[in-house]
Structure formats: structure tokens, C-alpha cells
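> Have a look; sequence and predicted model below, questions after that.
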Amino acid sequence: MNSRRDFIKKASLLAGVAVVPGSAKNITNFAINSMKNDKLKLSFKPYTLELKHVFTLATSSRTTTPVMLTEIRYGDLIGYGEASMPPYLGESHETVAAFLSKVNLEQFSDPFKMEEILDYVDGVMPGNPAAKASVDIALHDLVGKIIGQPWYKIWGYDATKTPYTSFTIGIDTPEVVRQKVKEAEEYKILKVKLGRDTDKEMIETIRSVTDKPLCVDVNQGWKDKQFALDMAHWLHERGVEFLEQPMSKTDYDSHAWLTERSPIPIIGDEAVQGPKDVAKAKGAYSGINIKLMKCGGMRNANKMIALAQAFDMKLMIGCMTETSCAISAAAHLSPMMNWADLDGALLISNDVFRGTTVEDGKVTIAQLPGIGVEKL
Ligand code: MG
């Protein structure tokens with residue numbers, strides 16, 4: 001008995017964690033794996049998500065989204081990851097495959113050296129944030145599984161504090177919009193995509209069928225700051241809680257002018273990709289929208305949370321259309337958020353993971369180790 005306790009204590013020291021009741025088996029597995037001196041093995045597979053509805057933004061429409069499903073194997077454990085590549089962001093099956101082909105994780109035999117491993121991945125090529133996120137997520141999943149705990153717990157976040165997720169209503173005809181609002185009955189807050197010449201009609205159509213709180217994403221669709229301010233007042237009077245990226249991502253001055261005067265928070269999305277953009281966004285925006293596919297994964301997302309908190313900015317977590325893999329990874333960060341927009345897996349008809357769900361409109365993290373997903 002004593003020698004077993006010593007062994008678990010040693011293994012936990014090796015793993016850098018306290019011994020948690022119920023997790024001894026996993027830590028033991030880890031120690032055995034370490035002794036075998038396993039290498040990390042990365043593999044990846046392209047997949048195409050089918051969207052339930054045609055998805056229309058201010059500048060594009062589509063019915064599918066390419067994703068890359070990644071795995072990191074270590075002994076008998078597998079960490080799952082994902083890159084999602086909506087075409088307007090510039091990554092594709094080809095670019096992500098080219099990037100991941102250059103990543104050699106077999107040089108690493110200790111998955112707990114996450115900083116070293118992810119610094120190496122970041123340095124393989126500049127850019128490629130979704131490809132990098134797919135490795136980051138898989139590594140987090142793997143390490144969480146070794147420790148035997150979900151990431152929200154490892155970080156010390158409170159899973160009961162997850163926000164409601166908004167459900168996105170794309171730009172469409174009034175009949176389809178009314179139908180979509182009815183289908184979204186479960187959700188407590190709706191996200192409306194604006195940025196065309198039918199903006200007021202969209203809001204009035206939605207208000208004809210529901211009085212739920214709304215948030216609005218313009219995806220840089222408005223050109224003029226005075227028009228944006230007039231719209232902010234008009235939207236505020238109609239129960240809109242915040243306004244996301246109303247104007248060009250490069251126009252910090254107009255956003256700063258608007259943020260100072262707007263009755264509702266102005267959130268930066270396209271303007272804020274990774275940690276380095278948070279300082280630039282201070283003053284120009286009231287808050288930031290963090291997405292794993294923009295910032296390169298869970299490690300950078302946590303850095304952005306810390307920075308935004310230091311600057312007293314509001315926090316939102318968003319997503320692309322993704323399987324429940326990347327959505328679940330993002331969900332572990334959601335207890336720290338003012339708002340969540342994690343409906344990506346709900347918009348597709350061919351998910352390949354089960355993980356975070358939405359229960360009565362609220363982001364609900366699965367009580368499983370790592371990012372908390374099971375492959376279907
Ligand atoms: Mg947005």
C-alpha cells in the first residue's frame with residue numbers, strides 16, 4: 001500500500017499536479033507512459049461540415065465549412081483537436097495540411113512541456129492560426145486526459161458560471177428569419193447579422209415574433225461612424241445588448257469615437273485576432289471577441305482573458321462553424337466571459353463529436369477529462 005502511495009506521489013510530482021481523488025489511475029498511466037519514453041504523434045484528416053441553413057454574412061454566403069480534425073497520440077491516449085477554415089479567413093484544407101506536415105511533435109516526449117511545444121508550433125510558420133489551434137486543442141485534450149481532469153477545473157474556473165450562448169440568425173428573407181427565430185426557441189439571446197441595406201427590416205422582423213435580448217454583429221459592414229452611432233441608439237431602444245465590429249477592423253479611430261458615445265458596448269472581433277491585438281483594442285472597443293481559430297488556441301485565449309481583464313474590458317467567446325471538438329475546447333474558457341456565442345456545432349448536420357451541449361440555452365461543459373469530448 002505504501003509503495004503504491006509513493007508511486008502515485010512520484011507520478012504526480014512528475015505530472016506537476018496534486019493527487020486528486022479518482023485520478024490516480026490516469027496519473028499511473030502517465031507514469032507508465034513516461035517510463036516507456038513515448039513520443040507525441042500528430043495526425044490529421046480533412047472533413048467538410050454541412051450547414052443546416054445557408055449562412056449569409058455581410059459579404060458572403062455558404063453551405064459548407066472545411067475543417068481539419070487532428071489527433072495527438074501518446075502511449076494509449078489520444079488528444080483531439082480541430083481547425084475550422086471559413087473561406088474568408090484565408091486558411092483551407094491545403095494550407096492547414098501544408099502547415100501540419102511541417103510540424104514534428106515526435107521530438108517531444110513530455111506533453112507537460114506545453115509552453116515549449118506550442119512555442120515550437122508557433123514558430124514553424126507565421127500566420128496559420130486555425131492550424132495552430134488544432135494542435136493546441138489536441139495537446140490540451142491530451143494533457144487533461146493524462147491529469148484526469150477537465151480544463152476548466154485545472155484552470156480553476158467555475159463551470160456553473162458559463163453564460164447563455166447566443167444563437168445566430170443569418171441575413172435572410174423575412175419569412176425565413178421568422179422561421180429561424182421560432183427554431184431558436186431554446187436560446188435566451190439571439191445574435192443578428194447586420195451590415196446590409198435591410199438592417200432595420202431584419203430587426204423589426206425579429207421583434208415581430210420575439211422580445212428576447214438581441215446582440216448584433218455587423219462584420220465591418222457599416223462605413224460611417226455617425227450612421228453607426230445612430231444605429232447604436234436605434235438598436236439600444238429595441239433591446240440590443242451589444243454591437244460587434246460595426247466598421248472596418250483597421251479603423252480604430254472611428255471605433256474609439258463610437259465607443260465613447262454608444263449607449264451599448266462595442267465589441268471588437270475582426271480587429272482582435274490574438275494577444276498582441278488586445279492592447280491596440282483598448283480605448284477603441286469596450287470588449288473583445290475571443291475565438292480559438294483566430295488566436296491559435298486555448299493557451300493564447302487565456303492570455304487574452306488576462307490582458308482584457310487588466311484593461312477592464314468586456315469578454316466574449318465566439319466560434320466558427322465547428323464540430324463539438326473545438327466548441328468544447330472554447331467552452332472551458334466560457335465561465336470567464338460576459339457573453340458566449342458558441343452555437344457553431346448547432347448549425348451543422350454532421351458533427352463527429354459529443355461534448356459541450358447547450359441546456360436550456362446555457363453552455364454546459366461535459367464532465368470528462370481534457371476538453372471533454374467523445375468521438376462519435
Ligand atoms: Mg463577429
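Yep, it's here.
> The helix or strand residue 243 falls within pairs with which strands, parallel or anti?
Using DSSP states H and E, residue 243 falls within strand 240-244. Applying DSSP bridges, strand 240-244 is found paired with strand 214-217 (parallel), strand 266-268 (parallel).
> Go through those and pick out the most buried.
Most buried of the strands paired with strand 240-244, by mean neighbour count (mean count of other CB atoms under 10 Å): strand 266-268, with a mean of 26. The C-beta positions use only the backbone N, C-alpha and C, and glycine is treated the same way.
> Which residues of the stretch 101-250 of the chain lie near the ion?
Residues of the stretch 101-250 of the chain lying close to the ion (CB under 5 Å from the ion) are 217, 244.
> residue ranges of the helices in the stretch 101-250 of the chain, please?
Assigned by DSSP state H, counting those that start in this stretch, the stretch 101-250 of the chain shows helices spanning 114-124, 129-147, 151-155, 174-183, 199-207, 225-237.
> Lowest average pLDDT across these?
Note on these: lowest mean pLDDT is at helix 174-183, with a mean of 91.
> how many degrees apart are that one and helix 199-207 in direction?
Inter-element angle recorded for helix 174-183 and helix 199-207: 40 degrees (by axes from the mean of the first three to the mean of the last three CA atoms, to 10 degrees).
> What are the contacting residues of helix 174-183?
For helix 174-183, the external contacting residues (CB atoms under 8 Å, 6 or more residues apart in numbering) are 53, 169-170, 172, 190, 201-202, 205-206, 208-210.
> Which among these count as buried?
If you count burial by 16 or more other CB atoms under 10 Å, the buried members of the contacts of helix 174-183 come out as 53, 169-170, 172, 190, 202, 205-206.
> Any residue of stretch 319-339 touching the ion?
No. Stretch 319-339 lies out of reach of the ion by CB under 5 Å from the ion, never closer than 10.0 Å.
> The nearest residue to residue 116 once chain neighbours are set aside - how many residues pack around it?
Spatial nearest neighbour of residue 116, chain neighbours left out: residue 108 (7.6 Å); criterion: CB to CB, 6 or more residues apart in numbering. Close neighbours of residue 108, defined as other CB atoms under 10 Å, add up to 19.
> do the one 5 residues further on as well
Using other CB under 10 Å, residue 113 has 15 other residues around it.
> Sketch out the low-pLDDT regions of this protein for me.
1-36, 57-59 (pLDDT under 70).
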